[in-house]
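Participant: Mind folding the following:
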Amino acid sequence: MNPNYVIAIKRDIDKLLVIVFIQLHVEETTSISSIIVLPKKNEKFKNFVDFKKFNATTKKPIPFTLY
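Facilitator: Numbers count the residues shown, from 1 in each chain. Presented below is the predicted three-dimensional model:
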C-alpha cells in the first residue's frame with residue numbers, strides 16, 4: 001500500500017477515535033469492510049468505506065406492505 005495512503009488513513013482513524021465515533025474493541029466479526037483511499041485535487045486524500053461485504057452478510061428486513 002502507498003505510504004501516503006497509510007498516513008492518511010491513520011490520521012483519519014485517530015480523529016474518529018478521539019471523538020469516540022469508532023472503537024477499536026471488536027470481540028468477533030464475520031465481515032470486514034474495505035477502506036478505499038482516493039486522492040483529491042488539493043493533494044489530500046479522501047477515505048471511503050466499502051460496505052458491500054458488510055451488506056451481503058447482514059439480514060434483510062421483512063418488506064413492509066400496506067393493504
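Participant: who are the neighbours of the helix ranked longest in the chain, in terms of helices and strands?
Facilitator: If you go by DSSP state H, the chain has its longest helix at helix 3-18. Applying 3 or more Cβ pairs under 8 Å, 6 or more residues apart in numbering; DSSP states H and E, we find helix 3-18 packed against strand 34-39, strand 45-50. Backbone N, C-alpha and C define where each C-beta goes, glycine included.
Participant: The nearest residue to Val37 once chain neighbours are set aside: neighbouring residues, count only.
Facilitator: Using Cβ to Cβ, 6 or more residues apart in numbering and skipping the chain neighbours, the partner closest in space to Val37 is Tyr5 (4.4 Å). Neighbourhood size, Tyr5 [other Cβ atoms under 10 Å]: 16.
Participant: And for the one 3 residues further on?
Facilitator: The tally of other residues near Ala8 (other Cβ under 10 Å) stands at 18.
Participant: rewinding a little: tell me which of the helices and strands packed on helix 3-18 sits nearest to Glu27.
Facilitator: Nearest of the helices and strands packed on helix 3-18 to Glu27, taken as Cβ to Cβ: strand 45-50 at 20.1 Å.
Participant: Just checking the distance from the closest one to the centre of its chain.
Facilitator: 7 Å (Cα atoms, centre = their mean, to the nearest Å).
Participant: Neighbouring strands of that strand in the sheet, and parallel or not?
Facilitator: Applying DSSP bridges, strand 45-50 is found paired with strand 34-39 (antiparallel).
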